[in-house]
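Participant: I would like the atomic coordinates for the input below:
(one chain, ligands or ions: 1)
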Amino acid sequence: MRIDVFTIFPDAVDRFVSASLVGKARRAGVLDIRVHDLRAGAGDPHRSVDDAPFGGGAGMVLAADPIFRVVEAARPPRPLLLLGPAGRRFDQDSARDLARAKVGFSLLCGRYEGVDQRVADHLCDGELSIGDYVLAGGETAALVVIEAVVRLVPGVMGNEASAAEESFAAGLLEYPQYTRPASYRGWEVPEVLRSGDHGRVARWRLAEALRRTLERRPDLIRARGGLDPQEQALLEEFSGIAYPQESRGPLPSGGPVTDAHEEPDAS
Ligand code: JF5
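Facilitator: Got it, this is the predicted structure:
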């Protein structure tokens, strides 16, 4: 799969991409990531890529011509997506769609002051946002998109076993994980995980995934249409939690997203 990135910070993007899981896939030849410097498209000796906005106002706007030049010379894989807060929200479904794209895709990193609108209108195929906040530039957003997509690409290290696990708990938060030691500062690993009863372990994990999701992200439970009777029974078996009867109705509103860091019980 080929991924082209257009940015005014090619070194920063390239260094992160080389150091990550993405770099491994790149060196293994599974991924062809090409990072392009938008300044290569500048015409003047100062290699300027931005200019003052028509109509006035603070800040500078990335000009159309350097971007058109560099993109057209690269003939990048499509879709070419502009990263910015005005884009369509990027999520796991978008990541799966991009991972399925055979030729690959391309990302153009915008700047917070803006990009000449003709780039979005006549060069890009769409716009992507990674969330409702404003970044100085689209570079970190591009890295987020690349990492989320690349780990789904067949042949990228570690993605075979994870694929099966992911479908097992689709749309739920992860169950808690533990490693040695079994007792740390008096905090014990749940007994079920050390029981050797694989069936009970699997049921406990699903119950924990359901409990956590119900507590922290009730919107995700609602999105998958509530809990089926089997899942409700599982929840009650392990945590004694009775699931609200109107399974499609209002669920406990998520309180503040905090975590307990209390001392273990002395008794
Ligand atoms: C950017 C115009 C690009 O701020 C972002 C961003 C937020 N979510 N996803 C991306 O990118 C930088 C800001 C303004 C274009």
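
Participant: drop to CA atoms for contacts and neighbour counts, all remaining ones
Facilitator: Noted.

Participant: so where do the helices sit in this protein?
Facilitator: 10-19, 21-27, 64-74, 92-100, 117-122, 139-150, 159-168, 198-216, 218-223, 229-239 (DSSP state H).

Participant: output the first one as CSV, nothing but the C-alphas.
Facilitator: Presented in CSV, the C-alpha positions along helix 10-19 are these (Å, rounded to 0.1, in the frame of the first residue of the first chain):
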residue,chain,number,x,y,z
PRO,A,10,8.6,16.5,6.0
ASP,A,11,11.5,15.7,8.4
ALA,A,12,9.2,15.5,11.5
VAL,A,13,6.7,13.3,9.7
ASP,A,14,9.3,11.1,8.2
ARG,A,15,11.1,10.6,11.5
PHE,A,16,8.0,9.6,13.3
VAL,A,17,6.8,7.3,10.6
SER,A,18,10.3,5.6,10.5
ALA,A,19,10.4,5.1,14.3
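
Participant: angle of it against helix 139-150?
Facilitator: 30 degrees (axes from the mean of the first three to the mean of the last three CA atoms, to 10 degrees).

Participant: if we can go back for a sec, for the ligand, which of the helices of the chain is the nearest?
Facilitator: Smallest distance to the ligand across the helices of the chain (CA to the nearest ligand atom): 5.3 Å, for helix 139-150.

Participant: quick check: buried residues in the closest one?
Facilitator: Neighbour-count burial for helix 139-150 flags 139-143, 145-146, 148-150 (criterion: 16 or more other CA atoms under 10 Å).

Participant: these: which two are farthest apart?
Facilitator: Glu139 and Val150 (16.3 Å; CA to CA).

Participant: got the phi and psi for the nearest residue to Leu135 once chain neighbours are set aside?
Facilitator: Among residues not flanking Leu135 along the chain, Tyr112 sits closest, at 6.5 Å (CA to CA, 6 or more residues apart in numbering). Torsion angles at Tyr112 (phi, psi; degrees, to the nearest 10) stand at phi -60, psi -30.

Participant: tell me which parts of the protein are close to the ligand?
Facilitator: Contact residues, the chain versus the ligand (CA under 6 Å from any ligand atom): 83-85, 110-112, 114, 129-138, 141.

Participant: make a PyMOL selection of the buried ones in the residues you listed.
Facilitator: Burial among these is assessed by 16+ other CA under 10 Å; the matching PyMOL selection reads:
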select buried, resi 83+84+85+110+111+112+114+129+130+131+137+138+141
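
Participant: for the residue of the stretch 151-267 of the chain found nearest the ligand, which non-adjacent residue is closest in space?
Facilitator: Closest contact between the stretch 151-267 of the chain and the ligand, by CA to the nearest ligand atom, is at Arg151 (19.8 Å). Sequence neighbours aside, Asn159 is the residue nearest to Arg151 in space, at 6.3 Å (criterion: CA to CA, 6+ apart).
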